[in-house]
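Engineer: Output the structure for:
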Amino acid sequence: MLLGSHLSTAGGLHHALEKAHGYGFEAVALFVRSPRQWEAPPLAPEAIRTFRGTRRKCGIRKVVAHAGYLINLAGDAVQQRKGKKALREELSRCHALGIEYLVLHPGSWPRLEVGIRRIARNLDEIMASLPDLKTTLLLEGTAGQGNCIGHRFEHLAELLGAVAQPRRYGVCLDTAHLLAAGYDLRTAEAWNETMAAFDRIVDLKRLRAIHINDSRKPLGSRVDRHAHIGLGEIGLEGFRAIVNDARLARLPF
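Structural biologist: Coordinates of the predicted model:
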């Protein structure tokens, strides 16, 4: 497994890479801009050069960025317009920095089918405007709070089936979200059943990254509250099965 952590970019994006190297990680997750603001200053050419050079020096094999929390491509007209602008900018930043993956929460809307159509349409528009993009967009499974889309594998499969260029997308699974959404991970048997369902509905080849967190809330709670590994509802037995799953050996955790 390619072990990593989500690390701070305070003082410069490259600092997350240096911290990861200090921990002995081969992967790192980060934000390429503030996740709670719509606007961000332009990415300076020197920052891009420093990031790429630091990554080579530190030997970081996989970098996974996470899109801003304000983006909701399933929302009303204003949310969609702002979300498209922000996501296009984040993808462009990732491309410039040489980052492989950008993780996105699909969106939120009371009517599932309407929300999925909006997300797919907006993603198609963004991708059409970035024909040379090298970064793969990963749709993240959600815990299912409120009207969040993505807490069932069927939602992810439908989204991937609705976009015009499905090869430009993948999936990121969060273990805390999975449990909260109702997918059991607490034993090796339960984990294997959940992965069999994912493979059948979405396809394991689509899985590109895993956010590995324990859950403060129980199975099926649909509440997104993370806990330190082994100190939540999943427990060490579940994580033992997850990190020893040979099918996931090349993925960034």
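Engineer: Summarise which helices and strands the host helix or strand of Glu46 is packed against.
Structural biologist: Using DSSP states H and E, the element containing Glu46 is helix 45-58. Applying 3 or more Cβ pairs under 8 Å, 6 or more residues apart in numbering; DSSP states H and E, one finds that helix 45-58 contacts helix 14-23, helix 77-97. Every C-beta, even on glycine, is put in place using the N, C-alpha and C of the backbone.
Engineer: Including mean pLDDT, mean neighbour count and distance to Ile60, could these go into CSV?
Structural biologist: Converted to CSV, the helices and strands packed on helix 45-58 look like this (pLDDT from 0 to 100; neighbours: other Cβ atoms under 10 Å; distance: least, Cβ to Cβ, whole Å):
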stretch, mean pLDDT, mean neighbour count, distance to Ile60
helix 14-23, 98, 19, 5
helix 77-97, 98, 18, 12
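Engineer: Relative to Phe253, which of these is closest?
Structural biologist: Among these, helix 14-23 comes nearest to Phe253, with 12.7 Å by Cβ to Cβ.
Engineer: C-terminal to the helix holding Glu46, what's the next element?
Structural biologist: Where DSSP H and E defines the elements, the next helix or strand beyond helix 45-58 is strand 62-66.
Engineer: sorry, back to before: contacts for the helix holding Glu46?
Structural biologist: Residues outside helix 45-58 that contact it (Cβ atoms under 8 Å, 6 or more residues apart in numbering): 12-14, 17-18, 20-21, 63, 96-98.
Engineer: relative orientation of it and strand 62-66 in degrees?
Structural biologist: On the basis of axes from the mean of the first three to the mean of the last three Cα atoms, to 10 degrees, helix 45-58 is oriented at 140 degrees to strand 62-66.
Engineer: With just CA atoms, put helix 45-58 into PDB.
Structural biologist: Presented in PDB, the C-alpha positions along helix 45-58 are these (Å, rounded to 0.1, in the frame of the first residue of the first chain):
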ATOM      1  CA  PRO A  45       5.000  29.800 -11.800                       C
ATOM      2  CA  GLU A  46       7.700  29.600  -9.000                       C
ATOM      3  CA  ALA A  47       5.300  27.800  -6.700                       C
ATOM      4  CA  ILE A  48       4.700  25.200  -9.500                       C
ATOM      5  CA  ARG A  49       8.400  24.700 -10.100                       C
ATOM      6  CA  THR A  50       9.100  24.400  -6.400                       C
ATOM      7  CA  PHE A  51       6.300  21.800  -6.000                       C
ATOM      8  CA  ARG A  52       7.400  19.700  -8.900                       C
ATOM      9  CA  GLY A  53      11.100  19.800  -7.800                       C
ATOM     10  CA  THR A  54      10.300  19.000  -4.200                       C
ATOM     11  CA  ARG A  55       8.200  16.000  -5.200                       C
ATOM     12  CA  ARG A  56      11.000  14.600  -7.300                       C
ATOM     13  CA  LYS A  57      13.400  15.100  -4.400                       C
ATOM     14  CA  CYS A  58      11.100  13.600  -1.800                       C
END
